[in-house]
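*Asks:* just a sequence and a predicted model for now, questions to come.
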Amino acid sequence: MGGMASLFAGLLAGVLADRLRRRPLMVVADVLSALLILAVPTVWALGSLVMFHLYLVEFLVGGLTTVSYVAGQSYLPVVVGRGYLVEANGKLRANEALAQVAGPSFAGGLAQFVAAPLVLVLDSLSFLASAILVGSIRTVEPGRRRQPDDESTGAFGRAARETAEGLRWILGSPLLRAVLATSVSLSLFSGVFAALFVLFAGRGLGLSPAAIGAVLAFQGIGSILGALLSGRISHRLETGPSLVLSAAGMGLGWLVLPLAGIFGSPPAPTLVFGLFLSGFCYVVYVVQAVSLRQRLTPDEILGRVNAGAVALIFAATPVGSLLGGFLAESLGARAALALGAMVGASGFLWTLFSPVRRLRTPPIRSRSSVKER
């Protein structure tokens, strides 16, 4: 449900991020998320909690999280300056990777001592803390230059026109178009991986739940290390080669996974290598891709460009999950994982056979007169 909300809210988030101040937008989204999550233990305490409440809260919080995410990506260049985006995005990704590794373990351990709905109280407090911290930022956003609204089209028509402008900007740039195509290909396999890996490792390789969790932890460790080193890699290799090599390395890590346990070999070392490599390269790639998009896009359209990219990338993940499930029923988990890995691994070709591979330090476009179409 949260993923569906992300798709619906993604494009609207871009319009909001380009029309409104981005920092207050992030604060409001976090506060509303906190209140929605807090409503779950409140309704539970009253004895009225049903599954509908959980689905509704997940859907709404997923949409608000997307709004905050798009606004944050669009606000970051204002806070740190466009010359320091790789370092800033790397630090943000390191924090996210650390939270993804430690968060589920902490929540699971806490749920053993208190009722699960009460754990959501802490989750709600984390959103409030985020709102307070974001609200404490004092960087002033520049004013926005927008064309006057065309009242003849109505609010929906204006939003659709502005959204289309963001998508046209991406598709009209050979650099951003190639990077987006690679990102969508990688996201497609991420959906296949999410749907099949536990099934493959558990039933196919006979690993226990604890062993599966242990090998998956190496993906998180690789992500943290990749985030910390992404700035150095970009400085050493420059932007284009970093994008191509990290996407190729991610594909290589995925291609290794279906080979685990072949010919009676122990599966764990192969899985650890593939997961660590893919996790490391994934974060390096994302840091470079997001930073490039932020550097090449004028501020007045950056929200819609970020939103268009996020929506297309997010949309590929559930498609990959459905495709992975269908292939697993027809071919088995190992063959389906291998086929999906080959498709995902080929995604780096979009950047390899494009101007991206020759890109060094990209130009910075902070403002531009973007005409409404």
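*Replies:* Right, received. Where do you want to start? Numbering: from 1, shown residues only.
*Asks:* alpha carbons only for contacts and neighbour counts from here, please
*Replies:* Fine.
*Asks:* lowest-pLDDT helix or strand in the chain?
*Replies:* For the chain, counting by mean pLDDT, DSSP states H and E, helix 2-19 ranks last in confidence among helices and strands (a mean of 74).
*Asks:* mind giving me the packing neighbours of the following helix or strand past that helix?
*Replies:* Once the chain leaves helix 2-19, the next helix or strand it forms, by DSSP states H and E, is helix 22-45. Packed against helix 22-45, as judged by 3 or more CA pairs under 8 Å, 6 or more residues apart in numbering; DSSP states H and E, are the following elements: helix 51-80, helix 116-135.
*Asks:* right, so of the ones you listed, which gets closest to A88?
*Replies:* With distances scored as CA to CA, the stretch of the helices and strands packed on helix 22-45 nearest to A88 is helix 51-80 (7.2 Å).
*Asks:* okay, buried residues for that closest one please.
*Replies:* 53, 57-77, 79 (16 or more other CA atoms under 10 Å).
*Asks:* so where's the stretch 251-373 of the chain shaky on pLDDT?
*Replies:* Low-confidence segments of the stretch 251-373 of the chain, defined by pLDDT under 70, span residues 362-373.
*Asks:* which residues touch stretch 251-260?
*Replies:* Identification of contacts with stretch 251-260 by CA atoms under 8 Å, 6 or more residues apart in numbering yields 205, 266-268, 270-271, 273-278, 334-335, 337-338, 341-342, 344-348.
*Asks:* same question but for stretch 164-172, I mixed them up
*Replies:* For stretch 164-172, the external contacting residues (CA under 8 Å, 6+ apart) are L176, R177, I301, L302, R304, V305, G308, A309, E372, R373.
*Asks:* for the host helix or strand of G240, C-alpha coordinates in PDB please.
*Replies:* When elements are defined using DSSP H and E, G240 is found to belong to helix 239-256. Presented in PDB, the C-alpha positions along helix 239-256 are these (Å, rounded to 0.1, in the frame of the first residue of the first chain):
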ATOM      1  CA  THR A 239      31.000  11.300 -12.600                       C
ATOM      2  CA  GLY A 240      30.400   9.400 -15.900                       C
ATOM      3  CA  PRO A 241      32.800   6.500 -15.200                       C
ATOM      4  CA  SER A 242      31.500   6.200 -11.600                       C
ATOM      5  CA  LEU A 243      28.000   5.800 -12.900                       C
ATOM      6  CA  VAL A 244      28.800   3.200 -15.500                       C
ATOM      7  CA  LEU A 245      31.100   1.100 -13.300                       C
ATOM      8  CA  SER A 246      28.900   1.200 -10.300                       C
ATOM      9  CA  ALA A 247      25.900   0.100 -12.400                       C
ATOM     10  CA  ALA A 248      28.000  -2.700 -13.900                       C
ATOM     11  CA  GLY A 249      29.300  -3.700 -10.500                       C
ATOM     12  CA  MET A 250      25.700  -3.900  -9.100                       C
ATOM     13  CA  GLY A 251      24.700  -6.200 -12.000                       C
ATOM     14  CA  LEU A 252      27.700  -8.400 -11.400                       C
ATOM     15  CA  GLY A 253      26.800  -8.800  -7.800                       C
ATOM     16  CA  TRP A 254      23.300  -9.800  -8.800                       C
ATOM     17  CA  LEU A 255      24.500 -12.300 -11.400                       C
ATOM     18  CA  VAL A 256      26.600 -14.100  -8.700                       C
END
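*Asks:* next helix or strand past it?
*Replies:* Towards the C-terminus, the helix or strand next in line after helix 239-256, according to DSSP H and E, is helix 267-296.
*Asks:* which other helices and strands contact that following helix?
*Replies:* Packing contacts for helix 267-296, counted by 3+ CA pairs under 8 Å, 6+ apart, involve helix 51-80, helix 85-111, helix 174-199, helix 209-237, helix 239-256.
*Asks:* reformat the ones you listed as JSON lines; add distance to L36.
*Replies:* Conversion of the helices and strands packed on helix 267-296 to JSON lines gives the following (distance: least, CA to CA, whole Å):
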{"stretch": "helix 51-80", "distance to L36": "6"}
{"stretch": "helix 85-111", "distance to L36": "19"}
{"stretch": "helix 174-199", "distance to L36": "27"}
{"stretch": "helix 209-237", "distance to L36": "29"}
{"stretch": "helix 239-256", "distance to L36": "36"}
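*Asks:* looking at these, which is nearest to E162?
*Replies:* Ranking those by proximity to E162 (CA to CA) places helix 51-80 first, at 15.3 Å.
*Asks:* so E96 versus R22, what's the distance?
*Replies:* Between E96 and R22 the distance, using CA to CA, to the nearest Å, works out to 20 Å.
*Asks:* can you flag the weakest of the helices and strands packed on helix 267-296 by average pLDDT?
*Replies:* Ranked on mean pLDDT, the bottom entry among the helices and strands packed on helix 267-296 is helix 85-111, at a mean of 77.
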